[in-house]
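**Q** Build me a model from this:
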Amino acid sequence: MAMNSIVAPIEIDVPFPKPPVELSADEKNHHRSLIVELLKRHNAVLIAHYYTDPEIQSLAEETGGFVGDSLEMAKFGARHPAETLIIAGVKFMGETAKILSPEKRVLMPTLEATCSLDLGCPIEPFSEFCDQHPDREVVVYANTSAAVKARADWVVTSSIAVDVLEYLAEQGKKIIWGPDKHLGRYIQQKTGADMLLWQGACIVHDEFKFNALEQCMALYPEAAVLVHPESPQNIVDLADFVGSTSQLIKAAKELPNKQVIVATDKGIFYKMQQAAPEKELIIAPTAGEGATCRSCAHCPWMKMNVLQLLSQVFERDDNEIFVDHDLAEKALIPLQKMVNFANDIQVNVKSNI
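**A** All right, here's what the predicted structure looks like:
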């Protein structure tokens, strides 16, 4: 089984955004009221990712919108009757929503909200890498550009990545995986698939530190440790449960532990606390030897989704998502495979209940 680091990590030479200016309570209420009115006036719906700030997630819920992972966000947008989708997340999520709903207008608070995995997997070197291994099926994580998705045979989210790769491995397929090396390694270990890994990483999950987490576990010896598989191997090794965002929320609710240490973006705490209100949630530490605190367990680009920008989404001309028609058609093929595969899983689960 291959598990090779074929390419060196792409250096990401993009300055991190500055933290947003904190608003007063009156300013927040003003922007919230304005957003609610604008959503109604423009027949629009707000769709937010788990990693956005709680005030954005709560606003999505209160206005009939949605909070979820990237796959569920796009599926919700595709089936919702709204003419305009407001995507609070990072740019690839807006692109995915536009590809699955080409007839709808897709706006974002800012198109500058990006992702280290997307930045670390440019289409030109990734396509060249794929061309060097024409015998392999190309499977990419949803955290990629539309162009990279269009180059792929499959797109997956962390919630169904193991299932898809297990399916492909059973067919004897050899895989090129990109861009997250940690998630790729986790999938390979779970499925035994023959995988060549692109060497990308999420700046949030890559920051969790083994020694600091061990010390945290010593402070909370009764706590369950929940880890997203984008985290390094030594962090995954300490976990009581490893899974996607939606799977981690479910685990927090179902595990008997009253305390839960969580190794993913702390934006997830909003929905996790809803699901398990009686639990004490503790963010896994990013301190310790080798720490940079580039993210401090919260994506700096997700944090760009702020109320003041949301209230301006219909005023600006620099925040609408456009995807080239031919590129969108190519990217839709692996995306639709993912959606169909996820739907088949749900049907099979229901039929076995």
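
**Q** what ranges of this structure fall below the confidence cut-off?
**A** Along the chain, segments meeting pLDDT under 70 span 1-15, 287-295, 346-353.

**Q** so where's the longest helix in it?
**A** Counting by DSSP state H, the longest helix found in the chain is helix 325-351.

**Q** tell me the secondary structure for Ile261?
**A** strand (DSSP: H, G, I helix; E, B strand; the rest coil).

**Q** Return the residues in contact with it.
**A** Leu213, Cys216, Met217, Tyr220, Ala223, Ala224, Val225, Leu226, Ile282, Ile283, Ala284 (CB atoms under 8 Å, 6 or more residues apart in numbering). (Glycine included, C-beta is placed from N, CA and C.)

**Q** again, only this time at 6 Å
**A** Residues near Ile261 by CB atoms under 6 Å, 6 or more residues apart in numbering: Cys216, Ala223, Val225, Ile282, Ala284.

**Q** Would you point out the most distant pair within those residues?
**A** Ala223 and Ala284 (10.4 Å; CB to CB).

**Q** So which of these two has more stuff around it?
**A** Ranked by neighbour count (other CB atoms under 10 Å), Ala223 and Ala284 place Ala284 first, with 26 against 21.

**Q** Once you drop chain neighbours, what's closest to that one?
**A** Nearest residue to Ala284, sequence neighbours excluded (CB to CB, 6 or more residues apart in numbering): Ala263, at 3.8 Å.

**Q** partners of the one you found in the sheet?
**A** Ala263 has these beta-bridge partners by DSSP bridges: Val227.

**Q** right, and it touches Lys209 too?
**A** No - taking CB atoms under 6 Å as the definition, Ala263 is not a contact partner of Lys209, at 10.1 Å.

**Q** quick one: which of those two has more around it?
**A** More crowded of Ala263 and Lys209, by other CB under 10 Å: Ala263, with 28 against 20.

**Q** State the distance from the more buried one to Ala60.
**A** 25 Å (CB to CB, to the nearest Å).

**Q** now Ser127
**A** 35 Å.

**Q** The two - which one has more neighbours?
**A** Ala60 (23 against 15).

**Q** host element of the more buried one?
**A** helix 54-62 (DSSP states H and E).

**Q** From the contact counts, what lies against the helix or strand following that helix?
**A** Next in sequence after helix 54-62, counting helices and strands by DSSP H and E, comes strand 66-68. Strand 66-68 is packed against no helix or strand, with contacts defined by 3 or more CB pairs under 6 Å, 6 or more residues apart in numbering; DSSP states H and E.

**Q** Many thanks, I have nothing further to ask.
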